[in-house]
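[1] predicted model and sequence below, questions to follow.
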Amino acid sequence: MHLDKGCRHFVLGRFAGFSLTELMITIAIGSFIALAGSTFYVTTVGSGKDIFDSAKRTEQLYAPITSLSNDIRRAGFRGLPSALTAYLVTTQGSGASTTGDEGDFPAVEFGTTGVPSSVGATAECVLVSYVRDHNCVSGDASNFTACASVAVGVAVPLHHRFGYRLQSHVLEATVVVHPNEYSASAPSNSGCDASGASSAWVPVTKLSDVFVDTFTVHLVDQDSADGDNGCVLGTVGASPCDTYGSTSLTDCGTTSLSCRIDRLYKITLCAYSENTDGLCGGSPENKIYTEIFAKPRNAVLIQKAAS
Amino acid sequence: MKLSCRNGSPQLIYPQQGAYTIFFVAILGLLTLLAVRSMTTSTADSVRLTTNTHSSTEAFLAAEEAMASGMEWLAVAGNTYTSALWPSSARQVGSPMSFPVVNMGGVSGNRDYTMSFGFETDPGGGSLIKVVGRGVNGLGQSATVSQWVSLNTLLQPTALDAPLMISGCLSNVTGTPDIFSQKNSGTDYVTVSRGSTYSASNSNCPTSYGTLNNGGGSTQSAEAINVVVNSGGDLWNQIFTETRDWFEANVDNLANVHLIDATSGDVPFGSNGFTWSALSLFGGGTGFNNQAINNGDWFGSSYGTVSDPAIVVIRGCPGNDMLKKASGNGVGSNGYKFVGLVFIEAASNPEAATLECDAKQWQRLKVLGTLVINGDMTKLGSTPEIISAERGGITTSAFPVSGVYASAGSWTIQGD
């Protein structure tokens, strides 16, 4: 402290600064406030980050699951009635007494095995197909018959393939024009076994954010009915459904429209933030578990072979 | 700290004057703001995502409901899809679909979605109809779905092919009926479709019927009779697309469809009136049937009109008191006139087709459409008049719809 020369007679007693006690109390209060402030800051920032991370994990999983659920709902849409009629031809069996298959663009396929044939089938890769518009671009005329007769930029209805699979604990997805629509071979591989540079699959989750332990699509239920009279196979009812005790698809009637199949699927997903396999049975940190039931709004039609 | 002396008084000098405090408070405040902003942004993003997801789901459900309303509307007799084409003349569902919002930020209320539906025709010229449903809320969040459907008319496509269909035998035609099927010259017509089996009461089902078409008046000459033989038995399934049980359960809900017990008395008149235009169907002139009615006569009490034909199922053969009712020329409230389909069957056990219907006194019966006798028709001894639906321009599509059926593989979300 410095005093001007003329004022030295003023004793510093009344202005001697803080006493030790005052200083300690001040420091204590200041420290408390600083501690509280920093704690508040850290907590707030941490909470915000937790919320953000949680939302990020949830959205990374919720978006593809919702998308898959919506795609399954739309699966099997064939476009205009004339297109449906044309599509049914592809479902015809190869012999007069043979029930057909599900055609060139099956609504839902499991893995590399194709259409799920029986209740209980499960897959970690599912391919969904339905018609949506495709804007023809330059070069499409040689790819798609529908684009050959229209100008560039015109939308034409084409079957698209939507795929979802679990690959090394990362969810992957693909959206492509269905390979069977191409006049030649498709430029990329959208099959469930696709890998490498030609793969059409892209990751939709980040392993650093979320570890997907389980992703399955399960065929929960299916009803097959005669496409002509609605009689459910395996259910003996009143006439004309009194002869439908068998569940064989070959019993689906004798006229051109043979079988109508309704299916119900369940999508199961389990993920968490710990980078360890097989923890879904317990309670790993940030565990997300969801089961969604999905039912196509479009029944599958199978046309019996022309006799 | 520094002391100075001014005017003889010491003054304390604080160089910082609270600057550090202000600085640290500002820093702390800034950091706090950043932290709160970070958390608020995350929370707001989550809420926005959730709200958008809810709105998307709600709009989708509203669109589905709108489409279902469209199908119900389409199933109502008299409603034609051409009057509600999408989107130019789409119809709005009366009440919006509301989703309650309970105590969201202290606010409760509803999120309302206006629903509308309309129809599109098949550009390929097919018979299927596309039903489009849309739900939209006040913020413009919307969803649109569509489905191709087929209309199941109550009548089979071939139900009106012949003006007279008989399950069993047609015998004893001694009267002067006028049964017309011909629309144009040629042989592509059927006058009578009758069963092939002999009934128990007719040991010899005749193959010669006398004169079924007596020319119908001064300007018409009798046309050739073309008889086809059907497989016999119960004709119900050849005429109707629904079962008898379904018919009985729904008859009261179908416009201009009637089920009459002939054993209880006279056939009651319907409420629709029509103008008999049989004459114009045959190319002009006067007096198509000089025995009964004239062109242009108005019948205030009858069943059906050309634009809204009726289906009348009569259980039990209407006797003398029922179908000869009228006196005079049958104009006005007298006589029985039907435009559409008249299906007469046994009062009990109709599936067995045990009916023997004596039509000897059906003097004033007029049918524009098809008369079906689900059994034997005996003693056609009077002057009934039946003009085919083809001649009258009546098609099965003019009759009530018994159901709207979705076509598999045709449901989709509109817009992409």
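    Received it, and whenever you're ready, just let me know what you need.

[2] every contact and neighbour count from this point should use C-alpha atoms.
    Noted.

[3] not counting sequence-adjacent ones, nearest residue to the residue of chain A found nearest chain B?
    In chain A, the residue that lies nearest chain B is residue A:48 (3.9 Å; CA to the nearest CA). Computed as CA to CA, 6 or more residues apart in numbering or on different chains, the closest residue to residue A:48 that is not its neighbour in sequence is residue B:39, at 3.9 Å.

[4] contacting residues around that neighbour?
    Going by CA atoms under 8 Å, 6 or more residues apart in numbering or on different chains, residue B:39 touches A:44-45, A:47-49, A:51-52.

[5] make sure it is indeed in a helix.
    Yes: Residue B:39 sits within a helix when classified using DSSP: H, G, I helix; E, B strand; the rest coil.

[6] neighbours around the residue of chain A closest to chain B, how many?
    21 (other CA atoms under 10 Å in any protein chain shown).

[7] I'd guessed it sits against residue B:32; true?
    No: judged on CA atoms under 8 Å, residue A:48 makes no contact with residue B:32 at a distance of 11.9 Å.

[8] near chain B at all, stretch A:133-147?
    Yes: Stretch A:133-147 lies within reach of chain B by CA under 8 Å from any CA of the partner chain, at residue A:133.

[9] chain center to that stretch: distance?
    Remark: stretch A:133-147 is offset 27 Å from the chain centroid, using CA atoms, centre = their mean, to the nearest Å.

[10] so, low pLDDT: which residues of chain A?
    Scanning chain A for pLDDT under 70 picks out A:1-16, A:93-100, A:239-240, A:245, A:247-257, A:305-307.

[11] quick one, strands of it?
    Ranges of strands in chain A, per DSSP state E, are A:108-110, A:122-123, A:125-135, A:155-167, A:170-177, A:202-203, A:211-226, A:257-272, A:288-294, A:300-303.

[12] highest mean neighbour count out of those strands?
    Highest mean neighbour count among these (mean count of other CA atoms under 10 Å in any protein chain shown): strand A:300-303, with a mean of 27.

[13] which neighbours in the sheet does that strand have, and how are they oriented?
    If you go by DSSP bridges, strand A:300-303 pairs up with strand A:257-272 (antiparallel).

[14] with just CA atoms, put the strand it pairs with into CSV.
    Extracted C-alpha coordinates of strand A:257-272, given in CSV (Å, rounded to 0.1, in the frame of the first residue of the first chain):
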residue,chain,number,x,y,z
LEU,A,257,-56.4,-66.9,-58.9
SER,A,258,-55.1,-69.5,-56.6
CYS,A,259,-53.9,-68.3,-53.3
ARG,A,260,-54.0,-65.2,-51.1
ILE,A,261,-51.5,-65.1,-48.4
ASP,A,262,-51.5,-62.7,-45.4
ARG,A,263,-48.4,-62.5,-43.2
LEU,A,264,-47.4,-60.9,-40.0
TYR,A,265,-43.8,-60.0,-39.1
LYS,A,266,-42.1,-59.0,-35.9
ILE,A,267,-39.0,-56.9,-36.0
THR,A,268,-36.7,-57.2,-32.9
LEU,A,269,-33.8,-55.0,-32.2
CYS,A,270,-31.5,-54.8,-29.2
ALA,A,271,-28.6,-52.4,-28.9
TYR,A,272,-26.5,-50.7,-26.3
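
[15] the inter-axis angle of it versus strand A:170-177?
    150 degrees (axes from the mean of the first three to the mean of the last three CA atoms, to 10 degrees).
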